[in-house]
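*Asks:* Sharing a model prediction with you, sequence too.
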Amino acid sequence: MGSAASAAAPPPPPTAQPHMAAPPYGAGLAGILPPKPDGEEEGKKKEVEKVDYLNLPCPVPFEEIQREALMSLKPELFEGLRFDFTKGLNQKFSLSHSVFMGSLEVPSQSTETIKVPTSHYEFGANFIDPKLVILKWNCLQLILVGRVMTDGRLNARVKCDLTDDLTLKINAQLTHEPHYSQGMFNFDYKGTDYRAQFQIGNNAFYGANYIQSVTPNLSMGTEIFWLGHQRKSGIGFASRYNSDKMVGTLQVASTGIVALSYVQKVSEKVSLASDFMYNHMSRDVTSSFGYDYMLRQCRLRGKIDSNGVVAAYLEERLNMGVNFLLSAEIDHSKKNYKFGFGMTVGE
Amino acid sequence: MASLSKRGGGGGGGEGEGILASWMAAHGREAASRAKKVVRSTGKAAWIAGTTFLVLVVPLIIEMDREQQLNDLELQQQALLGPAPLK
């Protein structure tokens, strides 16, 4: 706070003064002393900023730059019934079962939506170990998650903190249909005021991103990726401004997408979010506005967007570990109505 | 609306009146179709507004009310039993 005030104040004292003592004198001396030449002033400013630079907070990961907006505006809407049950066998190991019955939309060229009734059961196993030692090499945290569906799809995730700063993440999705399986390795490095990530995926996908805190509130990042099989590459820039009351982000990518988001925390329980997306290739613009209420017994999220889609998602806590879900989505322009209800037990 | 235009057509006696009647009938029909359109579009707008309200606002009102009730209950209990030992 002190350094910020001195940066805002008119010409600071000569650079010879130790900068630790500068803030108390700054304002008072500035009034007495005549304005200093530009060179000196710049040098002083740099020093003042340098103090800030040294203790900048670590930014959020590049992929999660819009997480607050996404949390409010993109709940997991579904149509039909879902039931999720998680049972912990011991502190580290838990099993999950989930049943889904309802209809899934099939993407089609025509404007009419085609829905196919589906039902599936998913079995999952989770292993979380906060401290694990394998052959003298200690891995700080290990998370293993596996999911198998009745239609043969398998999803596996591994997250392993190799050292305090380096994290390895592996994601794999396997299907019996050829060319739909996916695999991805992520290496995340967390520095004091920056984060860097390197990604390798199948189909010769390579990606890297870097995000750096510029001021205590502002962070900026960039990413590049290369899709070997499709011979495509891209570059993107992002910046995020967050204070304790609001979060604003801007993302631009060479694929022609401009995305803006803004989240305002009205109170501890209420936040309002809005986002704007412009796709230069398809020339479409969408924006949406939503609210997110975190009450004691429930969490309610609602949003409305410029395509005429209204959605609400309610998670009501009935009891300890028993949640009741209600999901509604109304697309007025396509006359596509989706309603769902469900239960989450366990956790 | 259709009966109105019919009456207009049937009531004409002379030639001038006949033309007037047919003119009125044509206008009446146009007005009727316009009114129908207006009614239909207002109905549609009301439907969209109503369903949007039902999805976005009604759950919010219910949940806010519940929250308020819970708060009141807690306050009442605190007033009766003194500050809760858990807190």
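*Replies:* Looks like it came in fine. None of these values were measured; they are calculated from a predicted model.
*Asks:* Stretch A:272-279 near chain B at all?
*Replies:* No: using C-beta under 8 Å from any C-beta of the partner chain, we find that stretch A:272-279 stays clear of chain B, coming within 12.5 Å at best. C-betas here are computed from N, CA, C, even on glycine.
*Asks:* Buried ones in that stretch, by neighbour count?
*Replies:* By neighbour count, and taking 16 or more other C-beta atoms under 10 Å in any protein chain shown as the criterion, the buried residues in stretch A:272-279 are A:Ala273, A:Ser274, A:Asp275, A:Phe276, A:Met277, A:Tyr278.
*Asks:* neighbouring contacts of it?
*Replies:* Identification of contacts with stretch A:272-279 by C-beta atoms under 8 Å, 6 or more residues apart in numbering or on different chains yields A:66, A:68-69, A:72-73, A:256-264, A:266, A:284-292, A:303.
*Asks:* Those, buried ones only, as a ChimeraX selection?
*Replies:* In ChimeraX syntax, the buried subset of these is picked out as below (16+ other C-beta under 10 Å):
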select /A:66,68,69,72,73,257,259,260,261,262,263,288,289,290,291,292,303
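*Asks:* now, which of the contacts of stretch A:272-279 lie within strands?
*Replies:* With strands taken from DSSP state E, the overlap with the contacts of stretch A:272-279 comprises A:257-264, A:284-292, A:303.
*Asks:* close to chain A, is the longest helix seen in chain B?
*Replies:* The residue-count maximum for a helix in chain B (DSSP state H) belongs to helix B:15-56. Yes: for helix B:15-56 and chain A, the contact criterion (C-beta under 8 Å from any C-beta) is met by B:Ile48, B:Thr51, B:Thr52, B:Val55, B:Leu56.
*Asks:* ok, how many other residues are close to the fourth one?
*Replies:* Looking back up the chat, that one is B:Val55. Neighbour count of B:Val55, defined by other C-beta atoms under 10 Å in any protein chain shown: 20.
*Asks:* now it: how far from A:Glu79?
*Replies:* With distances defined as C-beta to C-beta, to the nearest Å, the gap from B:Val55 to A:Glu79 amounts to 14 Å.
*Asks:* per-residue confidence averaged over stretch A:321-340?
*Replies:* Over the span of stretch A:321-340, the pLDDT mean works out to 93.
*Asks:* try stretch A:202-214
*Replies:* Stretch A:202-214 shows a mean pLDDT of 91 in the predicted model.
*Asks:* Below-threshold pLDDT in chain A: ranges please.
*Replies:* Across chain A, the stretches falling below the confidence threshold (pLDDT under 70) are A:1-53, A:132-139, A:347.
*Asks:* and it, which residues reach chain B?
*Replies:* Counting by C-beta under 8 Å from any C-beta, the residues of chain A lying close to chain B are A:291, A:293, A:295-298, A:300, A:302, A:304, A:308, A:310-312, A:314, A:326, A:328, A:330, A:332.
*Asks:* ok, now with 7 Å
*Replies:* In this structure, chain A approaches chain B at residues A:293, A:295-298, A:300, A:302, A:304, A:310, A:312, A:314, A:328, A:330, A:332, judged by C-beta under 7 Å from any C-beta of the partner chain.
*Asks:* The residues you listed, buried ones only, as a PyMOL selection?
*Replies:* Only the buried entries of the residues of chain A next to chain B go into this PyMOL selection, using 16+ other C-beta under 10 Å:
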select buried, chain A and resi 293+295+298+300+302+304+310+312+314+328+330+332
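*Asks:* Between which two of the residues of chain A next to chain B is the distance greatest?
*Replies:* Maximum pairwise distance in these, criterion C-beta to C-beta, is 32.8 Å, between A:Arg296 and A:His332.
*Asks:* Does the residue of the stretch 51-200 of chain A found nearest chain B belong to a helix, a strand or coil?
*Replies:* Residue of the stretch 51-200 of chain A nearest chain B, by C-beta to the nearest C-beta: A:Leu77 (11.5 Å). Reducing the assignment at A:Leu77 to three states with DSSP: H, G, I helix; E, B strand; the rest coil gives coil.
*Asks:* What is the burial count for it?
*Replies:* Around A:Leu77 there are 17 other residues, counting by other C-beta under 10 Å.
*Asks:* Can you name the next helix or strand after the longest helix of chain B?
*Replies:* Past helix B:15-56, further along toward the C-terminus, the next helix or strand under DSSP states H and E is helix B:58-81.
*Asks:* and that following helix, what does it pack onto?
*Replies:* For helix B:58-81, the elements it packs on are strand A:298-305, judged by 3 or more C-beta pairs under 7 Å, 6 or more residues apart in numbering or on different chains; DSSP states H and E.
*Asks:* at 8 Å instead, please
*Replies:* strand A:284-294, strand A:298-305, strand A:309-319 (3 or more C-beta pairs under 8 Å, 6 or more residues apart in numbering or on different chains; DSSP states H and E).
*Asks:* For that helix, which residues meet the burial criterion?
*Replies:* Taking 16+ other C-beta under 10 Å as the neighbour-count basis, helix B:58-81 is seen to contain the buried residues B:Pro59, B:Leu60, B:Glu63, B:Glu67.
*Asks:* check contacts around the first one.
*Replies:* When contacts are counted by C-beta under 8 Å, 6+ apart, B:Pro59 is found next to A:Leu300, A:Gly302, A:Ala312, A:Leu314, A:Leu326.
*Asks:* among those residues, which two are most distant?
*Replies:* Looking at these by C-beta to C-beta, the two members farthest from one another are A:Gly302 and A:Leu326, with 11.5 Å of separation.
*Asks:* Now the helices and strands packed on helix B:58-81 in CSV, please, with extra columns for distance to A:Pro117.
*Replies:* Conversion of the helices and strands packed on helix B:58-81 to CSV gives the following (distance: least, C-beta to C-beta, whole Å):
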stretch, distance to A:Pro117
strand A:284-294, 29
strand A:298-305, 27
strand A:309-319, 22
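*Asks:* related to what we said a few turns ago, find residues that contact each of A:Gly302 and A:Leu326.
*Replies:* By C-beta under 8 Å, 6+ apart, A:Gly302 and A:Leu326 have these common neighbours: A:Ala312, A:Tyr313, B:Pro59.
*Asks:* Can you give me the end-to-end span of stretch A:261-276?
*Replies:* The distance separating the two terminal residues of stretch A:261-276, taken as C-alpha to C-alpha, to the nearest Å, comes to 6 Å.
*Asks:* Run the chain-centre distance for that stretch.
*Replies:* How far stretch A:261-276 lies from its chain's middle: 15 Å, per C-alpha atoms, centre = their mean, to the nearest Å.
*Asks:* go on, stretch A:312-327?
*Replies:* The offset between the C-alpha centroid of stretch A:312-327 and the centroid of the whole chain comes to 23 Å, using C-alpha atoms, centre = their mean.
*Asks:* Just the endpoints, please. Distance across that stretch?
*Replies:* Using C-alpha to C-alpha, one end of stretch A:312-327 lies 6 Å from the other.
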